[in-house]
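Colleague: below are the sequence and a predicted model for it; my questions follow.
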Amino acid sequence: MTSSKELQGIAALDGVLSLILFPLYVLFYGFVLTQMWAWFMVPLGVRAITLSAALGLSAMIHVTRPVVDSKLEGPFAGTVAFAKAFAHVGCCWGFGAIYVSVGHMGWFR
């Protein structure tokens, strides 16, 4: 069994990792949102958005959506939460890239 001091060290490491991952996640999310906007909204006649506009739009989206899984437990709960968020956004971007690539081949016309 781990001691109280070891658990405090692990919690501190988790906090530091969370502080490092948060700005990276925000920039990655903004990048993915600008790419998906360019792929799916610009062809409809809407202007492209900048990274700062994407970050503002994502802030609005996050404010209006419900809070997700808060049941994470364990010494690296914060890091696991960021890893899940990165994976979710990365999958959205990947599926969007596949859809756009296949769409340019003319399969959806």
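Modeller: It's in.
Colleague: any idea which element Met60 lies in?
Modeller: helix 51-64 (DSSP states H and E).
Colleague: for Glu6, same thing?
Modeller: helix 4-40.
Colleague: show me what counts as buried in the host helix or strand of Gly94.
Modeller: Following DSSP H and E, one finds Gly94 within helix 77-104. Applying a neighbour-count criterion of 16 or more other C-beta atoms under 10 Å, one finds 78-79, 81-82, 85, 89, 93, 96 buried in helix 77-104. Every C-beta, even on glycine, is put in place using the N, C-alpha and C of the backbone.
Colleague: same thing with stretch 47-67?
Modeller: 49, 54-55, 58.
Colleague: tell me the angle of the helix holding Gly94 relative to helix 51-64?
Modeller: 120 degrees (axes from the mean of the first three to the mean of the last three C-alpha atoms, to 10 degrees).
Colleague: chain center to the lowest-mean-pLDDT helix or strand in the chain: distance?
Modeller: Every helix and strand in the chain was compared by mean pLDDT, DSSP states H and E; the lowest is helix 77-104, with a mean of 74. Averaging C-alpha coordinates over helix 77-104 and over its chain gives two centres that are 7 Å apart (C-alpha atoms, centre = their mean, to the nearest Å).
Colleague: what is it packed up against?
Modeller: helix 4-40 (3 or more C-beta pairs under 8 Å, 6 or more residues apart in numbering; DSSP states H and E).
Colleague: list the buried residues in the helix it packs on.
Modeller: Quick answer for helix 4-40 (16+ other C-beta under 10 Å): 14, 18, 21, 25, 28-30, 32-37, 39.
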